[in-house]
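In: Here is a sequence with its predicted model. Questions after.
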Amino acid sequence: MVAAPIALFSFFAVAANSGIAIPLFRAAGPSLYPDFDILDKRDAAIVGKKITPAKAREHVAESRALLVSAPLSSTVVRSIALGRDALGDKQGAARSMAIASRLSRRDGLTQMWLANAALRKEDAQEGFRHFDTFLRTYSPAETQVAIEQMVGALRFREARVELAPYVSASNPWYERFIGVAAGRAPKAADVADLLLRAKSIPDNPYLRGYYATLFERLINEKAYAEALRLYPRLPGAKPGVLRAVAATPETLSVGYAPAIWSFADDVDRGGAPRETNNGIGLEFYAQADTIGISGQKLIQFPATGKPQTFYWTVAEQETNSGSSARWKLNCLGPKQPAEIQSVNLMTVQPESRLRMAVPAGCEIAVLRMEMAGGVGNNMARIVVDRLRTETDGDSPVKARTAR
């Protein structure tokens, strides 16, 4: 059962404020009867609006008169239902709408009315079944309001439970729905919860783009628990990438930023993988007179509570006057240091093996390379390699402290 407030998630609220396109009143398919343009306009004039009882009775009578020439028309039966609804005869309206739905599942307003009637009765399963019929029948332009309503409903746990079966590759409207949800749902954590309830998460190149947006939102909105639970289930993601910091094919391209290495993508600063004498390293750069983040990665540390150490080697440098390159590490969680950072890596000797302590209890963090281009004619650049993290005491490595 669904909590009563979800009943406010109503097609009629939108209809009353913005109007409904007439195509939604007409069956999406061939009809055995003439086009009911006048009837459609009469229905549009009363849906979601308060009218006098006399006007409602007149509406029902005129619609019933059409049954003589069109006894099996779902449009006519739906029109009678709307009149009964306006009279306050909710049970009669529901019976007529149910008949209209049995006559044709391709009448948009009938499906939306039944969907919202079910939600008002706290029957989310039945409500979303009618939304599903509506979304499968009408064009994207005609159903966008319904998609946005369903995304808004994600704030209710009960709605997420009932919507989980629709997270399916066979669902023709899932891609549209998750595209809106990933970018515009009030809370990214609600979208993650929906996906975690699904049997499997559909995959295609467009969907991966939406999942990337969602994962980045989870981190930005500090929904770290949901992000860590969801990541292993996302198509193409490898759980081990979260715990790795070294530059490898997997941490560079298999998964979703910032779980994999991501680089600023502009002319002023950025980064890329780079072959070094020690294998694959990372090159970061910044143009003169610029400052900012050149690259970053999310890291999940073992949940042992023991201090961790981050190690790396400076392989190459090109400097300007006043240029700098510093690792900055932010532990993501309560009661963690706001930020720790390394020394200016432009000032250390090439091939120096360096280390930076990670605070005890830091289970998830974002590691960033912040660069200042300094003053000069060329860009400042640095290449680092042999990146790794270790639990203190497991395998001591000789390295100079870089904090």
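Out: Ah, there it is.
In: got any ranges where the stretch 301-403 of the chain has weak pLDDT?
Out: 335-338, 393-403 (pLDDT under 70).
In: Tell me where it has helices.
Out: With helices called from DSSP state H, counting those that start in this stretch, the stretch 301-403 of the chain shows none.
In: mean confidence score for the host helix or strand of Leu194?
Out: Leu194 is part of helix 188-197 when elements are defined by DSSP states H and E. Mean per-residue pLDDT for helix 188-197: 98.
In: contacts for it?
Out: Helix 188-197 is contacted from outside by 154-155, 157, 160-161, 163-164, 167, 178, 181-182, 185, 201, 214, 217-218, 221, 223, 226-227, 229-230, 233, using C-beta atoms under 8 Å, 6 or more residues apart in numbering. Every residue, glycine included, has its C-beta placed from N, CA and C.
In: Ok, stretch 211-220 next?
Out: 178, 181-183, 188-189, 191-192, 201, 224, 226-227, 230-231, 234-235, 256-259, 298, 332, 366.
In: same deal with stretch 173-182?
Out: 132, 135-136, 140, 143, 147-148, 150-151, 154, 166-168, 188, 191, 194, 202, 204, 206-207, 210-211, 213-214, 217.
In: Just the ones of the residues you listed in strands?
Out: The strands, defined by DSSP state E, take in nothing from these.
In: does the residue most central in space within the chain belong to a helix or a strand, and which?
Out: Among the residues of the chain, the one closest to the centroid is Ala182, at 1.7 Å (C-alpha atoms, centre = their mean). Element membership for Ala182, per DSSP H and E: helix 174-184.
In: quick one on the thing from earlier: the contacts of stretch 211-220, buried ones only, as a PyMOL selection?
Out: The buried subset of those, as determined by 16 or more other C-beta atoms under 10 Å, is captured in PyMOL by this line:
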select buried, resi 178+181+182+188+189+191+192+201+224+226+227+230+231+234+256+258+259+298+332+366
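In: Narrow the contacts of stretch 173-182 to just the buried residues.
Out: With burial judged by 16+ other C-beta under 10 Å, the buried subset of those is 132, 135, 143, 147-148, 150-151, 154, 166-167, 188, 191, 194, 202, 207, 210-211, 213-214, 217.
In: Point out where the chain drops to low pLDDT.
Out: 1-40, 45, 48, 335-338, 393-403.
In: gap between the residue lying farthest from the centre of it and Ala86?
Out: Distance to the chain centre peaks in the chain at Val68, reaching 50.3 Å (criterion: C-alpha atoms, centre = their mean). As judged by C-beta to C-beta, to the nearest Å, Val68 and Ala86 stand 22 Å apart.
In: in the strand or helix carrying Gln91, what counts as buried?
Out: According to DSSP H and E, Gln91 maps onto helix 90-103. Buried positions in helix 90-103, judged by neighbour count with 16+ other C-beta under 10 Å: 92-94, 96-97, 100-101, 103.
In: Would you pull up how far the helix or strand just after that helix lies from the middle of the chain?
Out: Remark: after helix 90-103, the chain's next helix or strand is helix 108-120, criterion DSSP H and E. Here the centre of mass of C-alpha atoms in helix 108-120, compared against the chain's by C-alpha atoms, centre = their mean, to the nearest Å, lies 26 Å away.
In: same thing with stretch 248-268?
Out: 19 Å.
In: what's it in contact with?
Out: With C-beta under 8 Å, 6+ apart, stretch 248-268 has contacts from 208, 211-212, 215-216, 219, 231, 234, 236-238, 240-242, 244-245, 247, 270-273, 280, 282, 284, 286-287, 290, 292-298, 366, 373.
In: Drop anything exposed from these.
Out: Buried subset of these (neighbour count, 16+ other C-beta under 10 Å): 208, 211-212, 215-216, 219, 231, 234, 237-238, 241-242, 244-245, 247, 270-271, 273, 280, 282, 284, 286-287, 290, 293-298, 366, 373.
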